[in-house]
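S.K.: With the sequence up front, the predicted model follows.
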Number of protein chains: 2
Amino acid sequence: MEKAYKSSKLPAPTIERLAYYTRPLEIYLKAGIPVISSEALARHCGVNSAQVRKDLAHFGEFGVRGVGYEVETLLKEIKKILSTDREWNLCIVGLGNLGTALAENQNFAKRGYKFVAAFDSDPEKIGKYLPGGLKIHPVEKLPDLVEKLKIEIGVITTPPQQAQGVAELLFSAGIKAILNFAPIQIRSPECCIVENVDFSVNLENLAYHLENLFEE
Amino acid sequence: MEKAYKSSKLPAPTIERLAYYTRPLEIYLKAGIPVISSEALARHCGVNSAQVRKDLAHFGEFGVRGVGYEVETLLKEIKKILSTDREWNLCIVGLGNLGTALAENQNFAKRGYKFVAAFDSDPEKIGKYLPGGLKIHPVEKLPDLVEKLKIEIGVITTPPQQAQGVAELLFSAGIKAILNFAPIQIRSPECCIVENVDFSVNLENLAYHLENLFEE
C-alpha cells in the first residue's frame, strides 16, 4: 500500500491540497477531537467537500460515510504520502530580510524542515549568528557543509543576479531540490527540481477575484 | 470580448499559470523577440505545451498554428484578464523581517502592486522609515489611511496571534482582499477574499518529488 503511494506521481495541486489538509488536522489532534467531516476539512482549507472526498479516496479508505475521517489516522497517512513523516536538512543562501525571516520561521522546523546551515557572500554578515543560533558561513564552504551535514534541500534568497550561480553551486554539491525566492527562473539539470516562489502571483490571483467581486 | 473574460470565473490554478506566462513574455518583449512558441512558453514555466495551448485557447485566438504567439498582444491580453493592466494600492501590517522584505520587493511595484502605507504596533518601529521611504504608522491610523490612500489590498505579516485581529481591522476599514503570511487560517466575511501563503507547502511539494526521484 505504501509503495503504491510513492510510485504514483500525484499532480502538484493535489499535493498542495493534501499539505493544506494537514493544518486543520493538526489543530483537531491537538484539541483532542478524534473525527473530522469532509465538510469541516473543506471549510478550513477553502475547497469544496466533494474535492476533499475525491482527493482522499485516491489513497484507500480513510473515512466512514456519514461520520467523517479519523483525525490521527488520516494525518499519519497524509504525512506518509508527503514524506513529511521524516526530517529534511535544509540550507539557506542569502541572509537579507527574507532569508532571515525564513531561517527563523518556526513553522518549517515543526514540519520537519530544519535549517542546518546558512550562507552569504557579504563579509559583513559572514561569521555572525542568526537569532536562532545558526552561524552565517561564506558560500565557499557550501560544498563541504552540504556533504558533512547531509543537506538535501537548498533555499535561495539572494538577489536575482546571484541566484543562477548559487543554484549551480548547490547542484554541483549534490543537492537535488531547490526552493527559489529570487525573482528569476532558474535553469536546472533534468535530475533536479526547482520550485520558484513568486508572491506577485498570489497578488494577481487576489486582484483577479477582487475585480470579479465588484462586477457581480 | 473583454466582458466575457471578466464574468467567467477562472479557477485559481489557471490564473496562477497565466500569471507565470507573463514572466517569459516580459523577457521576450524586453529583448525585442516578437513571437514565442507554446513550447518555449511551456519550457520557461515548467508546464507542458498542450496545457499552454489549452489555457490560452480559453480567451480566443492569440496564436498562429505553427508559428507561435505574438508576444506583445498576448502579454497585453493576459494582463487585461488578470487586471494587472492597472495599479493597486496595498498596505502592509507587521514590519518584521518578512514584512520589510515584502515592502522592499521591487517586483511588486513593477507589476502594479504599490505599497502606499505600512503599519506596526511596536512603539520602537512606529515613526521610523523603511529603506524605500515608507513611514511606519501605528495600526490605529489604519482606518483613516485606508480611506485616504484608496488602499484595496492588505498584506499581513504579523505574528500569528495578531493576524485575525488585524484582518478584522482591515475588513472593517473596507478592504476586501488580504494576502496573509501569518501561519494561521484567517476567518473572513463572505464578501471578502483571503489568500494564505504558506511556504512549507512548497517544501512539502519539493520533498514529495525528491522522494519520488530517488525511487525511480
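M.R.: Nice, I can see it. Just so it is clear, the model here is predicted, and its values are computed rather than measured. Numbering: from 1, shown residues only, chains lettered A, B, ... in the order given.
S.K.: Counting by contacts, list what the helix or strand hosting A:Val201 packs against.
M.R.: Assigned by DSSP states H and E, A:Val201 falls within helix A:199-215. With contacts defined as 3 or more C-beta pairs under 8 Å, 6 or more residues apart in numbering or on different chains; DSSP states H and E, helix A:199-215 has these neighbours: helix B:2-7, helix B:12-31, strand B:88-93, helix B:106-110, strand B:113-120, strand B:153-156, strand B:177-180, strand B:193-196. Bear in mind the C-beta positions are built from the backbone N, C-alpha and C, glycine included.
S.K.: How about residues contacting it?
M.R.: B:6-7, B:9-10, B:12, B:15-16, B:18-20, B:81-84, B:88, B:90, B:102, B:105, B:107-108, B:111, B:113, B:152-153, B:176-179, B:191, B:193, B:195, B:197 (C-beta atoms under 8 Å, 6 or more residues apart in numbering or on different chains).
S.K.: Could you do stretch A:156-168 as well?
M.R.: Against stretch A:156-168 from outside (C-beta under 8 Å, 6+ apart): A:92-96, A:98-99, A:102, A:121, A:139, A:154, A:170, A:178-184, A:186-188, A:194.
S.K.: May I have it exported as CSV, CA atoms only?
M.R.: What follows is stretch A:156-168, C-alpha atoms only, in CSV (Å, rounded to 0.1, in the frame of the first residue of the first chain):
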residue,chain,number,x,y,z
ILE,A,156,17.8,30.6,-2.4
THR,A,157,17.0,34.1,-1.1
THR,A,158,19.8,36.0,-2.9
PRO,A,159,19.4,39.0,-5.3
PRO,A,160,18.3,37.8,-8.7
GLN,A,161,21.8,38.3,-10.3
GLN,A,162,23.4,35.8,-8.0
ALA,A,163,20.6,33.1,-7.9
GLN,A,164,21.6,31.1,-11.0
GLY,A,165,25.3,30.9,-9.8
VAL,A,166,24.2,29.8,-6.3
ALA,A,167,21.8,27.2,-7.8
GLU,A,168,24.7,25.7,-9.8
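S.K.: can you tell me the average pLDDT over it?
M.R.: If you average the pLDDT over stretch A:156-168, you get 95.
S.K.: And for stretch A:70-77?
M.R.: Computed over stretch A:70-77, the average pLDDT equals 90.
S.K.: send the alpha carbons of that stretch over as PDB?
M.R.: Only the C-alpha atoms of stretch A:70-77 are listed here, as PDB (Å, rounded to 0.1, in the frame of the first residue of the first chain):
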ATOM      1  CA  GLU A  70     -10.300   9.600  11.900                       C
ATOM      2  CA  VAL A  71      -8.100  12.600  12.600                       C
ATOM      3  CA  GLU A  72      -5.000  10.700  13.800                       C
ATOM      4  CA  THR A  73      -5.000   8.000  11.100                       C
ATOM      5  CA  LEU A  74      -5.700  10.500   8.300                       C
ATOM      6  CA  LEU A  75      -2.900  12.800   9.400                       C
ATOM      7  CA  LYS A  76      -0.400  10.000   9.700                       C
ATOM      8  CA  GLU A  77      -1.300   8.700   6.200                       C
END
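S.K.: how far out from the middle of the chain is it?
M.R.: 20 Å (C-alpha atoms, centre = their mean, to the nearest Å).
S.K.: which among the contacts of stretch A:156-168 end up buried?
M.R.: A:92-96, A:98-99, A:102, A:121, A:139, A:154, A:170, A:178-184, A:186, A:188, A:194 (16 or more other C-beta atoms under 10 Å in any protein chain shown).
S.K.: and chain B, which of those residues reach it?
M.R.: A:96, A:98, A:102, A:178-179, A:183 (C-beta under 8 Å from any C-beta of the partner chain).
S.K.: do you know how far A:Ile27 is from A:Ile36?
M.R.: 10 Å (C-beta to C-beta, to the nearest Å).
S.K.: returning to that earlier point: out of the helices and strands packed on helix A:199-215, which gets the lowest mean score?
M.R.: helix B:2-7 (a mean of 33).
S.K.: what's the straight distance from one end of stretch A:58-77 to the other?
M.R.: Start and end residues of stretch A:58-77 are separated by 12 Å (C-alpha to C-alpha, to the nearest Å).
S.K.: Does anything pack onto the one helix or strand A:Gly99 maps to? Which helices or strands?
M.R.: Using DSSP H and E, A:Gly99 sits within helix A:97-104. The elements that helix A:97-104 packs onto, with contact taken as 3+ C-beta pairs under 8 Å, 6+ apart, are strand A:88-93, strand A:113-120, helix B:97-103.
S.K.: closest one to A:Tyr129 among those?
M.R.: strand A:113-120 (9.2 Å; C-beta to C-beta).
S.K.: quick revisit: buried only: go through the contacts of helix A:199-215 for me.
M.R.: Buried among the contacts of helix A:199-215 (16+ other C-beta under 10 Å): B:6, B:10, B:12, B:15-16, B:18-20, B:81-84, B:88, B:90, B:102, B:105, B:108, B:111, B:113, B:152-153, B:176-179, B:193, B:195, B:197.
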